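> 3D model of this:
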Amino acid sequence: MTTESPVKIRAAVYGAPDHDLVETPAASVQLSPLVPGSTAIETIADGTLDALTLLAPPGSLERRYDLAQALRALKTGGELTALALKDKGGSRLRGELEAFGCAVIETAKRHHRICQMLRPAAPRGLDEAIAAGAPRLVESLGLWSQPGVFSWDRVDLGSALLAQTLPKLGGDGADLGCGIGWLALAVLANPKVTSLALLDIDRRAIDAARRNIDDPRAQITWADARGDHGLTGLDFVVMNPPFHDNGIEDRGLGFGFIAAARRALRKGGVLWMVANRHLPYEARLGELFREITPRADKSGFKVIEAKA
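The predicted structure follows:
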């Protein structure tokens, strides 16, 4: 989905590896799709990178895709350092790189596996790994998506429950953490919705949403929904906030989404959110909203309406 012209840079970093674990190359360009404004790894010209440090993601299709893209972008003899938590793909990292034809030096530190290598002259299987992790039309959804995006090949049960529970919304609204746009399409089905801002921190999800939604009422932006997105005076917000960061539970993500939703809403505006049943969001909602009402509870998920 990325259409930019090939980019030539010398060194890059993918993700945010801990500096206590590895050193990143000097003057590195950030390539992670989870860092708004970063360069897409897909746009790096073949064989142009001298060095790349890559914090590998936990999903196998996504991880092999990223490793293959890294090897494609590196010049022969270029330095690749790839690392991951042992139980989040790290235990498989060396084998996956050796399958590409790399001679790997592996070390371990603080529950991470760290693999260092020089890019071989003719890596094996790059095209296959890239094709397996590339954007595609998911027939069961009828929507574009990509491995690595949240719930990339199925409708998330929480989002489905939220869509089933929503009333007929109207006016100006937002979908915070919109993903590939499945929930937004359900909201936009109501002609009384006059505008809908879609925000997501994942560039791949945003690229897919732009392909999936052809509606002039939708404004789709690659941004962290918790940040200063400039949305104010909205009539409604819908959201299914994340609660994992690199596979590790982080309830602060949901708290950040709740605060962002309140900033975006006008007085009297309404937030509709879904969350896993065990997440303790009600107290934070009660601090920021004047009326909190549970609206659904099913299959481990809860839907909450909160009025500003």
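> residues contacting the closest residue to residue 192 other than its chain neighbours?
By the measure of Cβ to Cβ, 6 or more residues apart in numbering, the closest residue to residue 192 outside its immediate chain neighbours is residue 170, 3.3 Å from it. Placement of C-beta: from N, CA and C, glycine included. If you count contacts by Cβ atoms under 8 Å, 6 or more residues apart in numbering, residue 170 has them with 190, 192, 193, 194, 235.
> helix, strand or coil for the residue of the chain most remote from its centre?
Farthest-out residue of the chain from its mean C-alpha position, per Cα atoms, centre = their mean: residue 121, at 32.2 Å. Here residue 121 is recorded as coil under DSSP: H, G, I helix; E, B strand; the rest coil.
> and the pLDDT for the closest residue to it other than its chain neighbours?
Leaving aside its chain neighbours, residue 121 sits nearest to residue 76 (4.9 Å; criterion: Cβ to Cβ, 6+ apart). Residue 76 carries a pLDDT value of 98.
> how far away is residue 76 from residue 50?
The gap separating residue 76 from residue 50 is 11 Å, by Cβ to Cβ, to the nearest Å.
> which residues sit in contact with the most centrally placed residue in the chain?
Taking Cα atoms, centre = their mean as the criterion, residue 202 is the residue nearest the geometric centre of the chain, at 3.4 Å. Counting by Cβ under 8 Å, 6+ apart, residue 202 makes contact with 33, 34, 148, 149, 150, 179.
> could you redo the last one with a cut-off of 7 Å?
33, 34, 149 (Cβ atoms under 7 Å, 6 or more residues apart in numbering).
> and the last one, how far from residue 179?
It stands for residue 149. 7 Å.
> now residue 103: closest residue in space that isn't a chain neighbour?
residue 117 (6.0 Å).
> what does residue 259 give?
Closest to residue 259 by Cβ to Cβ, 6+ apart is residue 288, at 6.7 Å.
> mind telling me what element the nearest residue to residue 233 once chain neighbours are set aside is part of?
Sequence neighbours aside, residue 266 is the residue nearest to residue 233 in space, at 4.6 Å (criterion: Cβ to Cβ, 6+ apart). Here residue 266, judged by DSSP states H and E, is contained in strand 265-276.
> mind checking the SS state of residue 87?
helix.
> quick check: residue 125 touching residue 101?
No. Judged on Cβ atoms under 7 Å, residue 125 makes no contact with residue 101 at a distance of 8.1 Å.
> do you know the pLDDT at residue 247?
60.
> can you give me the strands in the stretch 1-150 of the chain?
Along the stretch 1-150 of the chain, counting by DSSP state E, counting those that start in this stretch, strands occupy 11-14, 29-30, 49-55, 74-85, 105-109, 112-118, 136-138, 143-145.
> mind putting these into a markdown table with mean neighbour count?
As requested, the strands of the stretch 1-150 of the chain are exported to a markdown table (neighbours: other Cβ atoms under 10 Å):
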| stretch | mean neighbour count |
| --- | --- |
| strand 11-14 | 24 |
| strand 29-30 | 16 |
| strand 49-55 | 23 |
| strand 74-85 | 20 |
| strand 105-109 | 13 |
| strand 112-118 | 20 |
| strand 136-138 | 14 |
| strand 143-145 | 23 |
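> which stretches of the stretch 151-300 of the chain form helices?
For the stretch 151-300 of the chain, helices defined by DSSP state H, counting those that start in this stretch occupy the ranges 157-165, 182-188, 203-212, 251-264, 282-288.
> tell me which residues touch the residue nearest to residue 103, please.
Per Cβ under 7 Å, 6+ apart, neighbours of residue 117: 80, 97, 102, 103, 104, 105.
> same check, this time on residue 29
9, 12, 39.
> correct me if wrong: the last one contacts residue 28.
Yep, that's residue 39 we're talking about. No. Residue 39 lies out of contact with residue 28 (Cβ under 7 Å); the separation is 10.6 Å.
> still on that earlier bit, compare the strands of the stretch 1-150 of the chain and give me the one nearest residue 278.
strand 74-85 (22.9 Å; Cβ to Cβ).
> and the closest one with strand 105-109, angle?
Comparing the axes of strand 74-85 and strand 105-109 via axes from the mean of the first three to the mean of the last three Cα atoms, to 10 degrees yields an angle of 30 degrees.
> for strand 74-85, name the packing helices and strands.
strand 49-55, helix 60-73, helix 90-99, strand 112-118 (3 or more Cβ pairs under 7 Å, 6 or more residues apart in numbering; DSSP states H and E).
> now tabulate the ones you listed in JSON lines and tack on mean pLDDT and distance to residue 261.
Listed next are the helices and strands packed on strand 74-85 as JSON lines, based on pLDDT from 0 to 100; distance: least, Cβ to Cβ, whole Å:
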{"stretch": "strand 49-55", "mean pLDDT": "97", "distance to residue 261": "29"}
{"stretch": "helix 60-73", "mean pLDDT": "98", "distance to residue 261": "28"}
{"stretch": "helix 90-99", "mean pLDDT": "98", "distance to residue 261": "35"}
{"stretch": "strand 112-118", "mean pLDDT": "98", "distance to residue 261": "35"}
